[in-house]
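Colleague: need coordinates for the following:
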Amino acid sequence: MKTGSFRRALSAAAAVLAFAASPAWAQDPADAVYRDAKIYTVDPETTWAEAVAIRDGRFVYVGDDKGVDVFIGPETEVTDLDGRMVMPGIHDAHQHMVLAQARNIYCQISPEADIDALIAGLRACPEEKRPDGWIIADVYRGDNFPGGKADRKFLDEAFPDTPVYIREWSYHHALVNTKALEIAGIDRDTPDPDGGTILHREDGEPSGELLAGATFLAARHLPPLSDEAIRKALLDTAALCAQYGITSVQDAGVTDAVARQLHELDVSGQWNLRTLAHVFWGNPAVSMMSIDQSEEVLAHRAELRSPRVSLDAVKLLIDGSPLQPHHTDVQLDGHGHYDRAKLYTTPETIAAALTRFEEENLRVKMHAVGTGANRVAVNAIEAMRKVNRQPHIKPEIAHSLYFSEEDMDRLAPLGIVTEMSPAIWQIKGPLTESLKGAWPFRSLLSRGVTMTIGSDWVVLPSPNLFPAIGGMLDHGDESITIADAIRIATRNGAEVAGWADVTGSIEVGKMADMIVLDRNLFDAAAAEIGETRVLRTVFEGRTIYTAE
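Modeller: Numbering: from 1, shown residues only. Here you go, the predicted model:
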């Protein structure tokens, strides 16, 4: 924002902000004051400010530099930001906080690796990353194998006696060797499970590749992570989020073990990340829990609630991934029909589950990629709205790559949130033909649809959302403004998670969650926004990260 318009915005806001400097607010000095800044508040009433004062973890003043003086006492920590841009902490609407740390737990293979590089990478896997004698690795691409199809024979030649399990680059499928098939009891006569497929060679023998729900047949035999490994993964994630200016997050699917560790970290004062944890439900291949186990976690969610962590949310999967070679996303055909056999969960099950979950005040996030899967999600929400009407609970469709025109018109009236993952095309775009035309930002915004953004961190190398923010400004006819992009990344996320009165904008009375940037996003070119560095992250008034 140019200096003149910045000053005019402050002047226009002076009357609105005057109450913050009244004696009622100023009778005690602030714990911290930040001044000489360009503060983009994302508050529609007062968009820009120069200074904030913080007491007991909350903003007690948001206004100009002159007005903040009354909050400065002998022990107030005063920081001059030398004109730097400040904005609310970012909300990441889609992470997998433990699985994303797999690179520190399991062997790592480049998705571009051919079969020779893949085998070499598995051979180099150190003993400490081979739990109970298994080799577990991320990731492979089947189209990089000879003939374009993954097959266990290459693993068997290198590891005839060691069970091997490799996640596919979409994280929806897996490849196992013969030893792992034997442990799992999978042979040529094993039937496909609901929502999954066991791929076979031409001779009828399993190829070793397991799609979607079939992965659970082998994955349930993998050694579980220890509590210590889960705690370390969570703490490492929180530290990385602070580095990228993320102060609140939705974990898009936790197990009971992760839920317990989140609770313990928060009640012990070690958790600096406001978290809405979605309990996996409906697909054991993803949740690593049966539906009965998921229901048990949900039944005891109140016991696991803490000041910064809530488990009042559920995650369901409708379809798979658009990434090659398997393309397990579900699309509408030219007649508005879709292939039910490719759905992870039946439409009837989803509709009934959503109705029950809303009755129990649970927030729902549904993974849906293709136009057909999104049709199923919208229909289920419409059925739910006919039974329950709780407008404060906004069901989310995760990823939201593609919608039919008809379904785009249905979203806003039904109060549906589209959670976007725009950073994915910058990382995987050159590697896939499946993301063209995805994420219709402007079309959804023009229809009044509430959007959020998520990193889907596990698919990406980090939870950095600045490339996503920049990408929304440079998306052809579907581009939007920087103001809209920042609101989507901050205030919208807080509202959808149920924290509208707590965080998401810089306003008096809200928790002091904010970040200091190395550049003004309003002056930066779209291509440069992805390079933005966070200089300081403040969470509940405490500095939890400063750049070197």
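Colleague: could you use CA atoms for every contact and neighbour count after this?
Modeller: Noted.
Colleague: list the contacts for the nearest residue to residue 99 once chain neighbours are set aside?
Modeller: Leaving aside its sequence neighbours, residue 99 sits nearest to residue 458 (C-alpha to C-alpha, 6 or more residues apart in numbering; 6.4 Å). By C-alpha atoms under 8 Å, 6 or more residues apart in numbering, residue 458 lies in contact with 95-96, 99-101.
Colleague: okay, whichever strand or helix holds residue 252 in PDB with CA atoms only?
Modeller: Element membership of residue 252 [criterion: DSSP states H and E] is strand 246-254. Below are the C-alpha coordinates for strand 246-254, written out as PDB (Å, rounded to 0.1, in the frame of the first residue of the first chain):
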ATOM      1  CA  ILE A 246       1.100 -20.200  10.700                       C
ATOM      2  CA  THR A 247      -0.600 -19.700  14.100                       C
ATOM      3  CA  SER A 248      -3.600 -21.900  13.600                       C
ATOM      4  CA  VAL A 249      -4.200 -25.100  11.700                       C
ATOM      5  CA  GLN A 250      -6.600 -27.900  10.900                       C
ATOM      6  CA  ASP A 251      -5.100 -31.400  11.000                       C
ATOM      7  CA  ALA A 252      -7.100 -33.200   8.300                       C
ATOM      8  CA  GLY A 253      -7.300 -36.500  10.000                       C
ATOM      9  CA  VAL A 254      -5.900 -37.600  13.400                       C
END
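Colleague: and it, which strands flank it?
Modeller: According to DSSP bridges, strand 246-254 has the following sheet partners: strand 90-95 (parallel), strand 274-280 (parallel).
Colleague: tell me where the stretch 151-300 of the chain has helices.
Modeller: Ranges of helices in the stretch 151-300 of the chain, per DSSP state H, counting those that start in this stretch, are 153-158, 178-184, 215-219, 227-243, 256-267, 284-287, 291-299.
Colleague: those: which one's closest to residue 366?
Modeller: Nearest to residue 366, of all the helices of the stretch 151-300 of the chain, is helix 284-287, at 12.8 Å by C-alpha to C-alpha.
Colleague: could you give the mean pLDDT of the closest one?
Modeller: The average pLDDT within helix 284-287 is 65.
Colleague: sorry, back to before: ranking the strands paired with strand 246-254 by burial, who's on top?
Modeller: Neighbour counts (mean count of other C-alpha atoms under 10 Å) averaged over each of these peak at strand 90-95, with a mean of 29.
Colleague: and it with helix 227-243, angle?
Modeller: Interaxial angle of strand 90-95 relative to helix 227-243 (axes from the mean of the first three to the mean of the last three C-alpha atoms, to 10 degrees): 140 degrees.
Colleague: contacts for strand 90-95?
Modeller: 245-252, 398, 419, 452-458, 463, 465, 489-490, 493-494, 504.
Colleague: show me the strands in the stretch 101-250 of the chain, by range?
Modeller: 107-108, 135-140, 164-168, 173-176, 196-200, 206-212, 246-254 (DSSP state E, counting those that start in this stretch).
Colleague: okay, those strands in a markdown table with distance to residue 447, mean neighbour count and mean pLDDT next?
Modeller: Formatted as a markdown table, these follow (distance: least, C-alpha to C-alpha, whole Å; neighbours: other C-alpha atoms under 10 Å; pLDDT from 0 to 100):
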| stretch | distance to residue 447 | mean neighbour count | mean pLDDT |
| --- | --- | --- | --- |
| strand 107-108 | 42 | 21 | 92 |
| strand 135-140 | 38 | 24 | 94 |
| strand 164-168 | 36 | 23 | 96 |
| strand 173-176 | 35 | 28 | 96 |
| strand 196-200 | 36 | 20 | 95 |
| strand 206-212 | 33 | 25 | 96 |
| strand 246-254 | 25 | 27 | 95 |
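Colleague: what about residue 72, neighbour count?
Modeller: Per other C-alpha atoms under 10 Å, the neighbour tally for residue 72 reads 18.
Colleague: meant to ask about residue 544, not that
Modeller: Using other C-alpha under 10 Å, residue 544 has 17 other residues around it.
Colleague: do you know how far it is from residue 524?
Modeller: Counting by C-alpha to C-alpha, to the nearest Å, the gap from residue 544 to residue 524 is 26 Å.
Colleague: in the protein, where is pLDDT below threshold?
Modeller: Low-confidence segments of the chain, defined by pLDDT under 70: 1-27, 285-288, 389, 423-435.
Colleague: circling back to that earlier point, can you redo the strands paired with strand 246-254 as CSV with distance to residue 443?
Modeller: Below are the strands paired with strand 246-254 laid out as CSV (distance: least, C-alpha to C-alpha, whole Å):
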stretch, distance to residue 443
strand 90-95, 20
strand 274-280, 28
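Colleague: out of the ones you listed, which comes closest to residue 197?
Modeller: Using C-alpha to C-alpha, the strands paired with strand 246-254 put strand 274-280 closest to residue 197, at 20.4 Å.
Colleague: hmm, who's touching that closest one?
Modeller: Strand 274-280 is contacted from outside by 247-255, 259, 286-287, 289, 294, 297-298, 308-316, 364-365, 497, using C-alpha under 8 Å, 6+ apart.
Colleague: same thing with stretch 488-499?
Modeller: Applying C-alpha under 8 Å, 6+ apart, the external contacts of stretch 488-499 come out as 42, 88-93, 248, 250, 276, 392-394, 417, 450-453, 469, 500, 502-505.
Colleague: swap in stretch 70-88?
Modeller: Under C-alpha under 8 Å, 6+ apart, the answer for stretch 70-88 is 21, 26, 28-42, 53, 490, 504-506, 513-521.
Colleague: stretch 343-362 now?
Modeller: Against stretch 343-362 from outside (C-alpha under 8 Å, 6+ apart): 194-196, 212-213, 282-283, 312-314, 317-320, 330, 340, 363-364, 373, 376-377, 379-381, 383-385, 387-388, 390, 393.
Colleague: out of those residues, which sit inside strands?
Modeller: Counting by DSSP state E, those place 196, 212, 312-314, 317, 363-364 in strands.
Colleague: farthest-separated two in those residues?
Modeller: Spanning the widest gap among the ones in strands among the contacts of stretch 343-362 are 196 and 312, at 28.0 Å by C-alpha to C-alpha.
Colleague: residue 143 is in contact with residue 323, isn't it?
Modeller: No: Residue 143 lies out of contact with residue 323 (C-alpha atoms under 8 Å); the separation is 10.8 Å.
Colleague: who has more neighbours out of these two?
Modeller: A count of neighbours by other C-alpha under 10 Å puts residue 323 above the other of residue 143 and residue 323, at 19 against 15.
Colleague: assumed that one was part of a strand.
Modeller: No: applying DSSP: H, G, I helix; E, B strand; the rest coil, one finds residue 323 to be coil, outside a strand.
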